[in-house]
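[1] Need a 3D model of the following:
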Amino acid sequence: VVDHYENPRNVGSLDRNAKNVGTGLVGAPACGDVMKLQVEVDENGRIVDARFKTFGCGSAIASSSLATEWVKGKTVDEALKIKNTDIAKELCLPPVKLHCSMLAEDAIKAALADYKLKQDPNKEESEKKA
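    Residues are numbered from 1 along each chain as shown. Coordinates of the predicted model:
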């Protein structure tokens with residue numbers, strides 16, 4: 001946790017309007033943590049870059065940093081398999097901080113959902129009609 005907090009990886013933003021960039025913005029009202037995670041996906045469906053901005057405690061920042069490290073190089077489907085329990089275990093988060101790893105998992109899923117929606121914006125409309 002300390003390493004990812006003191007030396008966070010992949011801090012920053014990507015162009016949220018780009019078709020190949022998905023943005024996830026999630027928050028935990030109970031503790032005030034807010035996490036923005038973005039992924040850039042290449043034409044083969046592989047995540048080539050990831051960035052984050054987190055307002056919150058050290059565990060939230062560390063969870064975001066680790067999440068961006070883990071999604072890079074994975075396909076969209078592989079990244080969706082990243083679980084908060086894996087993040088918590090890797091960072092040795094205490095039980096009181098597990099919500100930080102849950103936020104990171106939610107942010108990954110939200111960013112990938114945004115990316116998928118940009119790839120086929122008509123899909124949501126067709127699902128509503130079905």
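[2] what residues are up against Glu43?
    For Glu43, the contact set (C-beta atoms under 8 Å, 6 or more residues apart in numbering) comprises Asn20. Heads up, the C-betas are built off the backbone N, CA and C, glycines and all.
[3] Cys92: neighbouring residues, count only.
    Other residues within reach of Cys92 by the criterion other C-beta atoms under 10 Å amount to 8.
[4] Please apply the same query to the one 10 residues further on.
    In terms of burial, Met102 registers 18 neighbours under the definition other C-beta under 10 Å.
[5] list the helices and strands the helix or strand containing Asp106 packs on?
    Asp106 is part of helix 98-119 when elements are defined by DSSP states H and E. With contacts defined as 3 or more C-beta pairs under 8 Å, 6 or more residues apart in numbering; DSSP states H and E, the packing partners of helix 98-119 are strand 21-28, strand 33-41, helix 58-71, helix 76-79, helix 84-91, helix 121-129.
[6] Need these in CSV (columns: distance to Asn10, mean neighbour count and mean pLDDT).
    Shown next, in CSV, are the helices and strands packed on helix 98-119 (distance: least, C-beta to C-beta, whole Å; neighbours: other C-beta atoms under 10 Å; pLDDT from 0 to 100):
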stretch, distance to Asn10, mean neighbour count, mean pLDDT
strand 21-28, 14, 20, 94
strand 33-41, 9, 24, 96
helix 58-71, 4, 25, 96
helix 76-79, 14, 16, 96
helix 84-91, 15, 18, 96
helix 121-129, 27, 9, 59
